[in-house]
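**Student:** Below is the structure, and that's it, no one-letter string:
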């Protein structure tokens, strides 16, 4: 058992958490595609959509890198008031080693540097691993609010405006 712990600690020490750039897109997108239950959208999660997000939120998104390979990522941005995490993930082979926690802490520090004092995220109800992770670190699941989405396409906007 002690041997396994030493191996985990050794891996954790080799992981580098750094700011995500558009040059990371191909590796990050490949990682996203391996995550079960991830909802990827053709426009927002495209190279162009990700580039737009990173340009609007420079310095707040992070990746975890091990031996030159990206094994984790968080898209993190804010609206000037509240930060938001999107696509938080760690390669399945490297979970439960503190990598997600390190990435979240780095993204939260980046938000604080921009004077953002609150961060939120959406975890799908069926995402048991994600929900356990966030609950385990003191995040509060809101029962007082409903979450709504509205897809901005011409048909929906026209129908809404009628």
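**Tutor:** Great, that's in hand. Model, not experiment: these values are computed from the prediction. Residues are numbered from 1 along each chain as shown.

**Student:** Give me the contacts around the lengthiest helix in the chain.
**Tutor:** As assigned by DSSP state H, the longest helix anywhere in the chain is helix 99-113. Contacts to helix 99-113, defined as Cβ atoms under 8 Å, 6 or more residues apart in numbering, come from residues 12, 15, 17, 19, 59-64, 71-74, 76, 78, 83, 85, 88, 90, 119, 133, 137. For glycine as for every other residue, the C-beta is placed from the backbone atoms N, C-alpha and C.

**Student:** Name only those of the residues you listed that count as buried.
**Tutor:** 15, 17, 19, 60-64, 71-74, 76, 78, 83, 85, 88, 90, 119, 133 (16 or more other Cβ atoms under 10 Å).

**Student:** From the chain's centroid, how far away is stretch 106-118?
**Tutor:** Relative to the centre of its chain, stretch 106-118 is centred 14 Å away, using Cα atoms, centre = their mean, to the nearest Å.

**Student:** Please apply the same query to stretch 16-35.
**Tutor:** 10 Å.

**Student:** Ok, stretch 45-63 next?
**Tutor:** 11 Å.

**Student:** Fine by me, thanks again.
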